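Undergrad: Got a predicted model here, sequence first, then my questions.
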2 protein chains.
Amino acid sequence: MPTSTRPSAAPARADRDPGKAVEICVAAARIFSEKGFHATSINEVADAVHLTKAGLYYYIKGKQDLLFRIMELAMDTLEQEVVAKALLEEDLVARLRTIIARYTRLIIAGRNELSILVNEIEGLSEAQRAQIVGRQREFMRFIRETLDELAAEGKLNDVDSTVGAYGLSGMILWVSRWYRSRGRLDVDQLVDHVTRIALTGLLEEGCGRTKPARPTRKKSSTEKKPSTKKAPS
Amino acid sequence: MPTSTRPSAAPARADRDPGKAVEICVAAARIFSEKGFHATSINEVADAVHLTKAGLYYYIKGKQDLLFRIMELAMDTLEQEVVAKALLEEDLVARLRTIIARYTRLIIAGRNELSILVNEIEGLSEAQRAQIVGRQREFMRFIRETLDELAAEGKLNDVDSTVGAYGLSGMILWVSRWYRSRGRLDVDQLVDHVTRIALTGLLEEGCGRTKPARPTRKKSSTEKKPSTKKAPS
DNA sequence: CGGCTTCTACCGATCGGTCGGTAGGAGCCC
DNA sequence: GGGCTCCTACCGACCGATCGGTAGAAGCCG
């Protein structure tokens, strides 16, 4: 079952009309992702769904509540379309490919809720933030553990699974900021390239690659630090 | 010479006291990066530098002007600490390593201006945004061309240089969202891991790796699409 | 005194949110 | 069928708070 509409602390007036409520969330998500949560007024959201502000408040409890609902919806999507589907793959390499491909497609398909999910967390209340962050951590844990299992099978490069999982996420999330579907690469090509970059960066295939002057974990610094900015006044 | 304080369209009252102006920018950058630009009031910035709002306005022309100055400062830093330093490296592989290492260190050292740079662009005016976006594009072009030159030397994997450059950027930018310097990994270790993940994902070393069912560029889709969300009602 | 620098006091605009009210369809009674 | 009630869905008008920004005087320095 989806984790939204749980009875925790928020009765919400979503009972009015579930379809309309979702429609509002989708519209609001689009605007929020374009202009930012705080830069968007409730009136703009209302206009987008052809309602007045007062009419809109018939369906939502407040601006913050609207943001929270959008994020819960986004996490639902992520869990259903990425995690659940990836778990159907027995082979771990195939599972990782599924994660990358579906996650990337989700990011560029619905150019809305997912990006809000990472950019507007501060707009939530304490309790709401805790809930969303918890689900996000679960998601990251899933990716990290997939990498750990791959490592146990000896199929992973010598990379830290945490850095790997976050690096992967960062690369994929960032796609929504630069990729335009009308550009040189179509969606399939993009997913191909992203998958290839990520996988050949994570997977050890056939030959053991020579590590670039492997620094035995501690203190190596490839490069001297840029003097860490300026001194505090 | 730094590209800020150029005479374009904004005389600005930075002539008052350059040191104080920078101090204000740094303080504002920290708050903006924590709470977001629109969610931060001018009063909060003023408090942070021990001034009243009116006192602060002696140094800045407006909230938007403040944001713009922060971004110019951030681009200055990026160009001086990453691009300029990387250009000192003749060897292309070393240059790429320098880019990754210095960029990453910059992101986690000053947890301030750089993240604003990517998250608050919408808060700028048309002209200001054009200026910043132009400089950002130059920066991306630098990374992309470094990859292209590596490809010309046959040292690059078969990856699209655009996707590679943005993938790299995304991975690094994302670091600021999850990495805590008090955690399991210290800064040097983090930089090591990021470098290794990025490089072994981008560089072809020694053995030619077997591509994972290389899809000849067009139509392959590793994974069937997630049916692109729901049907419109 | 005169020029920086910083303050107190205030403005108009806009924000999120609320209130009283109502159009109009559904159900019901007769 | 016609009148009565009720309820969902929505709106115009308004509220207090806060926002970015300004005018003008006061403090401080030489």
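TA: The structure has been received and is ready for your questions.
Undergrad: check contacts around A:Val194.
TA: A:Val194 makes contact with A:Ile100, A:Thr104, A:Met171, A:Ile172, A:Val175, B:Val163, B:Gly167, according to Cβ atoms under 8 Å, 6 or more residues apart in numbering or on different chains. (C-beta placed from N, C-alpha, C; glycine too.)
Undergrad: Can you give me the distance of it to A:Ala109?
TA: Distance, A:Val194 to A:Ala109, using Cβ to Cβ, to the nearest Å: 14 Å.
Undergrad: Just give the nearest non-adjacent residue to A:Thr162, would you?
TA: Nearest non-adjacent residue to A:Thr162, counting by Cβ to Cβ, 6 or more residues apart in numbering or on different chains: A:Arg144, 5.9 Å away.
Undergrad: mind listing the helices for chain A?
TA: For chain A, helices defined by DSSP state H occupy the ranges A:18-35, A:42-48, A:53-56, A:63-78, A:85-87, A:92-109, A:113-119, A:126-152, A:161-178, A:187-202.
Undergrad: Now these in CSV, please, with extra columns for mean pLDDT.
TA: CSV is the format used below for the helices of chain A (pLDDT from 0 to 100):
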stretch, mean pLDDT
helix A:18-35, 91
helix A:42-48, 95
helix A:53-56, 94
helix A:63-78, 95
helix A:85-87, 97
helix A:92-109, 94
helix A:113-119, 86
helix A:126-152, 95
helix A:161-178, 95
helix A:187-202, 88
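Undergrad: Same list, those helices, but as JSON lines with distance to DNA strand D please.
TA: Below are these laid out as JSON lines (distance: least, Cβ to the nearest atom of the strand, whole Å):
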{"stretch": "helix A:18-35", "distance to DNA strand D": "6"}
{"stretch": "helix A:42-48", "distance to DNA strand D": "7"}
{"stretch": "helix A:53-56", "distance to DNA strand D": "3"}
{"stretch": "helix A:63-78", "distance to DNA strand D": "12"}
{"stretch": "helix A:85-87", "distance to DNA strand D": "34"}
{"stretch": "helix A:92-109", "distance to DNA strand D": "28"}
{"stretch": "helix A:113-119", "distance to DNA strand D": "19"}
{"stretch": "helix A:126-152", "distance to DNA strand D": "18"}
{"stretch": "helix A:161-178", "distance to DNA strand D": "25"}
{"stretch": "helix A:187-202", "distance to DNA strand D": "35"}
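Undergrad: any chance of the ones you listed in CSV, with distance to B:Ala46 too?
TA: Output for the helices of chain A, formatted as CSV (distance: least, Cβ to Cβ, whole Å):
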stretch, distance to B:Ala46
helix A:18-35, 25
helix A:42-48, 28
helix A:53-56, 31
helix A:63-78, 26
helix A:85-87, 49
helix A:92-109, 38
helix A:113-119, 26
helix A:126-152, 26
helix A:161-178, 32
helix A:187-202, 44
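Undergrad: A:Ile31 contacts A:Ala48, doesn't it?
TA: Yes. Between A:Ile31 and A:Ala48 there is a contact at 6.1 Å, judged by Cβ atoms under 8 Å.
Undergrad: I'd like the distance between the residue nearest to A:Thr162 and DNA strand C.
TA: Using Cβ to the nearest atom of the strand, to the nearest Å, A:Arg144 is found at 36 Å from DNA strand C.
Undergrad: So that residue versus chain B, what's the distance?
TA: Distance from A:Arg144 to chain B, counting by Cβ to the nearest Cβ, to the nearest Å: 11 Å.
Undergrad: before we move on, what about A:Thr200?
TA: Applying Cβ to the nearest Cβ, the value for A:Thr200 to chain B is 6 Å.
Undergrad: Next, count neighbours for the closest residue to A:Leu66 other than its chain neighbours.
TA: Leaving aside its chain neighbours, A:Leu66 sits nearest to A:Ile60 (4.8 Å; criterion: Cβ to Cβ, 6+ apart). Look at A:Ile60: counted by other Cβ atoms under 10 Å in any protein chain shown, it has 24 neighbours.
Undergrad: Just to check, A:Ile60 is in contact with A:Ile70?
TA: No. A:Ile60 is not in contact with A:Ile70 according to Cβ under 8 Å; the separation is 10.5 Å.
Undergrad: Excluding sequence neighbours, find me the nearest residue to A:Val175.
TA: Nearest non-adjacent residue to A:Val175, counting by Cβ to Cβ, 6+ apart: A:Ile107, 5.5 Å away.
Undergrad: Contact partners for the one you found?
TA: By Cβ under 8 Å, 6+ apart, A:Ile107 lies in contact with A:Leu114, A:Ser115, A:Ile172, A:Leu173, A:Val175, A:Ser176.
Undergrad: now A:Tyr103
TA: A:Leu78, A:Val82, A:Ser169, A:Ile172.
Undergrad: Just the closest of those to chain B, please.
TA: A:Ser169 (6.5 Å; Cβ to the nearest Cβ).
Undergrad: What is the burial count for that closest one?
TA: A:Ser169, neighbours per other Cβ under 10 Å, totals 22.
Undergrad: Then A:Trp178?
TA: 15.
Undergrad: For the residue nearest to it when sequence neighbours are not counted, the count of nearby residues, please.
TA: If you skip the residues right next to it in sequence, A:Trp178 has B:Tyr166 as its closest partner in space, 5.0 Å away by Cβ to Cβ, 6+ apart. Using other Cβ under 10 Å, B:Tyr166 has 22 other residues around it.
Undergrad: Contact partners for B:Tyr166?
TA: Contacts of B:Tyr166 (Cβ under 8 Å, 6+ apart): A:Trp174, A:Val175, A:Trp178, A:Tyr179, B:Met140.
Undergrad: just A:Ile24 next, same as before
TA: A:Ile24 neighbours (Cβ under 8 Å, 6+ apart): A:Val45, A:Val49, A:Leu56, A:Tyr59, A:Ile60, A:Leu66.
Undergrad: one more time with 6 Å, if that's ok
TA: Taking Cβ atoms under 6 Å, 6 or more residues apart in numbering or on different chains, we find A:Ile24 in contact with A:Val49, A:Tyr59.
Undergrad: now it: how far from A:Glu113?
TA: To A:Glu113, A:Ile24 is 13 Å away according to Cβ to Cβ.
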